[in-house]
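Student: coords please:
(chains A and B)
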Amino acid sequence: GAVVSQHPSWVICKSGTSVKIECRSLDFQATTMFWYRQFPKQSLMLMATSNEGSKATYEQGVEKDKFLINHASLTLSTLTVTSAHPEDSSFYICSATMDRGPAQYFGPGTRLLVL
Amino acid sequence: QQQVKQSPQSLIVQKGGISIINCAYENTAFDYFPWYQQFPGKGPALLIAIRPDVSEKKEGRFTISFNKSAKQFSLHIMDSQPGDSATYFCAVTTQGGSEKLVFGKGTKLTVNP
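Tutor: Numbering: from 1, shown residues only, chains lettered A, B, ... in the order given. Have a look, this model is predicted:
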């Protein structure tokens, strides 16, 4: 139980294009979903928290217009990296909680490479 | 200010040995303490978690020891295996709060055969 999937698992795009990453809770309804960014050999950095039907809450320093989050249903959240640049290249990971948490279940991550 | 201090940064253990990773926190409001295991190129997986009403929790070869007064908790991996080689993260949060996890910086564990 508590399986979270992400799609795609990796993506390569040209600078200036937008990329959408999907996060789905497969066997439970997620009350809250989270988006993290992880650089090589570093810890996870929380980008934003989202609840179904509400606007996402972004962490300080994260550009809202750059990283668009849509939490359309209790099982799906999407992260869109708009006008991606090489510095946006990173490992993006989502997580989800059920029944108001606190346990977070993580997806397998999406590797983004912007050329 | 680093809310969770994790040590050591890296750890090398022989197969069959005990791996011990420590975390210390500052905020006494934290009341949920999970450990995550992450393999290269994968998302973190919830390994084991403890709440402050108990001092120890064991699941298979993995044990969390919790010291509320010292504001410390540790992960013990008994009979460590090469397949345990991964990066381990401790985290803290408050139940019923924002649900945000605060992560330690991670410990890279290598278990030699």
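
Student: Which residues lie in contact with the one residue in chain B that gets nearest to chain A in this structure?
Tutor: Of all residues in chain B, the one sitting closest to chain A is B:Gly43 (3.9 Å; CB to the nearest CB). Every C-beta, even on glycine, is put in place using the N, C-alpha and C of the backbone. Residues near B:Gly43 by CB atoms under 8 Å, 6 or more residues apart in numbering or on different chains: A:4, A:6, A:93, A:95, A:106-109.

Student: Among these, which one sits closest to B:Phe30?
Tutor: A:Ser95 (17.9 Å; CB to CB).

Student: nearest residue to the residue in chain A that chain B sits nearest to other than its sequence neighbours?
Tutor: Residue of chain A nearest chain B, by CB to the nearest CB: A:Phe106 (3.9 Å). Nearest residue to A:Phe106, sequence neighbours excluded (CB to CB, 6 or more residues apart in numbering or on different chains): B:Gly43, at 3.9 Å.

Student: Could you say which helix or strand holds that neighbour?
Tutor: Under DSSP states H and E, no helix or strand contains B:Gly43.

Student: Distance-wise, check it relative to B:Tyr36.
Tutor: B:Gly43 is 9 Å from B:Tyr36, where distance means CB to CB, to the nearest Å.

Student: can you list residues touching both of these two?
Tutor: Joint contacts of B:Gly43 and B:Tyr36 (CB under 8 Å, 6+ apart) are A:Phe106.

Student: So what sits opposite the residue nearest the centre of chain A in the bridge?
Tutor: The centre of chain A sits closest to A:Trp35, judged by CA atoms, centre = their mean, with a distance of 3.6 Å. Partner residues in beta bridges with A:Trp35, using DSSP bridges, are A:Ala48, A:Cys94.

Student: mind listing what's buried in stretch B:23-32?
Tutor: Neighbour-count burial for stretch B:23-32 flags B:23-25, B:30-32 (criterion: 16 or more other CB atoms under 10 Å in any protein chain shown).

Student: Could you single out the nearest of those to B:Ala86?
Tutor: Distance to B:Ala86 across the buried residues of stretch B:23-32 (CB to CB) is lowest for B:Cys23, with 16.2 Å.

Student: Give me the nearest residue to that closest one, chain neighbours excluded.
Tutor: In space, B:Cys23 is closest to B:Cys90, 3.7 Å off (CB to CB, 6+ apart).

Student: On the pLDDT front, check that neighbour for me.
Tutor: Per-residue pLDDT puts B:Cys90 at 97.

Student: Give the partner strands of the helix or strand hosting it in its sheet and their orientations.
Tutor: Element membership of B:Cys90, judged by DSSP H and E, is strand B:86-92. Partners of strand B:86-92 in the sheet, by DSSP bridges, are strand B:33-38 (antiparallel), strand B:102-103 (antiparallel), strand B:107-112 (antiparallel).

Student: Return the most buried member of the ones you listed.
Tutor: Highest mean neighbour count of the strands paired with strand B:86-92: strand B:33-38, a mean of 23 (counted as mean count of other CB atoms under 10 Å in any protein chain shown).

Student: How about residues contacting that strand?
Tutor: Contacts of strand B:33-38 (CB under 8 Å, 6+ apart): A:102-104, A:106, B:21, B:23, B:44-52, B:62, B:64, B:66, B:73, B:75, B:86-93, B:101, B:103, B:106.

Student: Which residues are in contact with the residue nearest to B:Cys23?
Tutor: B:Cys90 neighbours (CB under 8 Å, 6+ apart): B:4, B:6, B:21, B:23, B:33-36, B:73, B:75, B:103-104.
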